[in-house]
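Trainee: just need the structure, nothing else, for what follows:
(chains A and B)
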Amino acid sequence: MIPNEENRAKIFNIISSPLDNVVGLDTNVLLFAHAYDLFIKEGLVANDRNNRAAYSNYLDFLERLGYEDSIGLYSIFNVMEIEHVCQKLAAQREAIRLGMNTGDWQSIYYNNSNIKQESYDLASRILNSIESTPYLNYMDIDNEKTLQPIVREILRDTQINATDARIIAVPLQYGVNSIVSDDKMFNQVKGINLYTANPTNLVNIEKGGVITTFADTQSLYESINNDYSPSD
Amino acid sequence: MNGKKYPPKVTRLLERNGFFNLSITERKEKHKQFIKSVPTALSSDEKLDLIKILEDTRGGLLN
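Mentor: Sure thing, here's the model as predicted:
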């Protein structure tokens, strides 16, 4: 079931909209920020205003966190996605080196033990980079028992996948209802403030830029109780 | 310290991570160094491959 307009995320531009004090990070933002400059340089996308907005601005967004003393949060689910993408990347590179099809990357990964170091190094460089700034902070899962009902509620109401539901649910446990993502499906999640450069979502940008309070988000969910209130 | 307020659980996390032990100038300088280092964290080839994966896996990085 796709939620109606009232039950969707509020959309904010990552550069020009008012910035919340704390924002949960989707993994694609961290990865785009680490690779964005080649999108344009290598001609993978046209060097026009829309593409610059869509891709390069995720690094600008991370920079903005520091300027505005706002905090970015990430969790084990982001780390898992980064490690997974790095395994896939290393396997696909190996497949190309061996003249093989890159499609079945998992068997290439499991059958070529020499590439695990490449994958490990790659993930380490990205994770070390993220860990080097005080403005990006790793958050533990606050309470696994109470995380699951929030995840289930998000999965019941939207078409986003199980990992992304957790990427949204963990910040909600910390009293944080703002998320930055390039994923267009995140617009289906009720009660969140969605910062994005995805042009599909920006069509529905929030006019006037009023950030949804956490109390308002809480009232939309059956499973977010007072334990998660910012005033606890 | 500036007037920015964070939810209590985030504040406790930041305390544990030493965020408030740094002056605003110090933490902004560290962040500036991070932003400067991001474009060089990966090689050009690694970035190209990463971009392809990101483009191929829109809607689910664990595919």
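Trainee: alpha carbons only for contacts and neighbour counts from here, please
Mentor: Will do.
Trainee: could you list every residue that touches the residue nearest the centre of chain B?
Mentor: Taking CA atoms, centre = their mean, the centroid of chain B lies closest to B:F34, which sits 7.8 Å from it. For B:F34, the contacting residues are A:S129, A:I130, A:S132, A:T133, by CA atoms under 8 Å, 6 or more residues apart in numbering or on different chains.
Trainee: relative to A:D121, how far out is A:I82?
Mentor: Computed with CA to CA, to the nearest Å, the distance linking A:I82 and A:D121 is 12 Å.
Trainee: neighbour count winner among these two?
Mentor: Between A:I82 and A:D121, counted using other CA atoms under 10 Å in any protein chain shown, the more crowded position is A:I82 (23 against 14).
Trainee: quick one: pLDDT of the more buried one?
Mentor: With respect to pLDDT, A:I82 scores 91.
Trainee: pLDDT at the residue nearest to the centre of chain B, what is it?
Mentor: B:F34 carries a pLDDT value of 95.
Trainee: so who does A:N187 touch?
Mentor: A:N187 neighbours (CA under 8 Å, 6+ apart): A:R8, A:A9, A:K10, A:I11, A:L194, A:N201.
Trainee: quick revisit: what about the residue nearest to the centre of chain B, which SS state?
Mentor: helix (DSSP: H, G, I helix; E, B strand; the rest coil).
Trainee: what of A:D140?
Mentor: coil.
Trainee: which residues touch it?
Mentor: Neighbour list for A:D140: A:S75, A:I76 [criterion: CA under 8 Å, 6+ apart].
Trainee: one more pass at 7 Å, please.
Mentor: Contact analysis of A:D140 by CA atoms under 7 Å, 6 or more residues apart in numbering or on different chains lists A:S75.
Trainee: pull out the buried positions in stretch A:84-104.
Mentor: A:84-95, A:102 (16 or more other CA atoms under 10 Å in any protein chain shown).
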